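Asker: Next input, structure requested:
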Amino acid sequence: MSHHPFAVTLAVIVRAGERFLMVEEWQQGQIRFNQPAGHLEPGESLLAGAQRELLEETGLSIPLEQAVAIYQFEAPDNGTHFVRFTFCAEVPEPLATRPQDPDNDIIRCHWLTLEEIEALGPQLRSPMIVASFRDYLAGQRFPVSALKQQY
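Answerer: Prediction:
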């Protein structure tokens, strides 16, 4: 059995009416679009990591009370195996964003419709993005209290 790199990532769906918050970012020298998302850091709970990524990439601090799904994906380019926990929040209208990204790879944030997101096609960082929006819109949710952290 071969061993591939393994990553736990966290993503947040933020909805305002018919629009969703997306992040435009530099990724390996190319412009990509993603939900506010990133890697879980050592000693961090899943929920705290999701809230940290949301704050860093958008400047927003929004309570996350539900999760949408847990996705597995193997990147075809390098074999990295991702396990992605996707959380969600709703706000009444699109909010002003101010990325506080310590890596300086965030270009700007956008509030886009699902159709606009799907039209980005190859500019999307992962196929899990559209899958998670579809699951979210289908009403798939579970409480964040189902996620347990042991010390």
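
Asker: give me the low-pLDDT residue ranges for this structure?
Answerer: 1-4, 151 (pLDDT under 70).

Asker: And the helices in it, which stretches?
Answerer: 46-58, 114-119, 128-137 (DSSP state H).

Asker: would a markdown table of those helices with mean neighbour count and distance to residue 40 be doable?
Answerer: All C-beta spots, glycine's among them, are computed from the backbone N, C-alpha and C. Converted to a markdown table, these look like this (neighbours: other CB atoms under 10 Å; distance: least, CB to CB, whole Å):
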| stretch | mean neighbour count | distance to residue 40 |
| --- | --- | --- |
| helix 46-58 | 21 | 5 |
| helix 114-119 | 14 | 24 |
| helix 128-137 | 18 | 15 |
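
Asker: any chance of the ones you listed in a markdown table, plus distance to residue 37?
Answerer: Putting these into a markdown table (distance: least, CB to CB, whole Å) gives the following:
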| stretch | distance to residue 37 |
| --- | --- |
| helix 46-58 | 6 |
| helix 114-119 | 14 |
| helix 128-137 | 9 |
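
Asker: For residue 34, which non-adjacent residue is closest in space?
Answerer: In this structure, residue 34 finds its nearest non-sequential neighbour in residue 125, 4.2 Å apart by CB to CB, 6 or more residues apart in numbering.

Asker: Kindly provide the distance from the one you found to residue 36.
Answerer: Separation of residue 125 from residue 36 (CB to CB, to the nearest Å) stands at 12 Å.

Asker: still on that earlier bit, wait, which of the helices of the chain is closest to residue 84?
Answerer: helix 128-137 (5.4 Å; CB to CB).

Asker: counting contacts, what elements does that closest one pack onto?
Answerer: Helix 128-137 sits against strand 6-16, strand 66-74, strand 81-90, helix 114-119, with contacts defined as 3 or more CB pairs under 8 Å, 6 or more residues apart in numbering; DSSP states H and E.

Asker: hang on, the earlier thing: how about the helices of the chain, which one is nearest residue 101?
Answerer: When the helices of the chain are compared (using CB to CB), the closest one is helix 46-58, at 5.4 Å.
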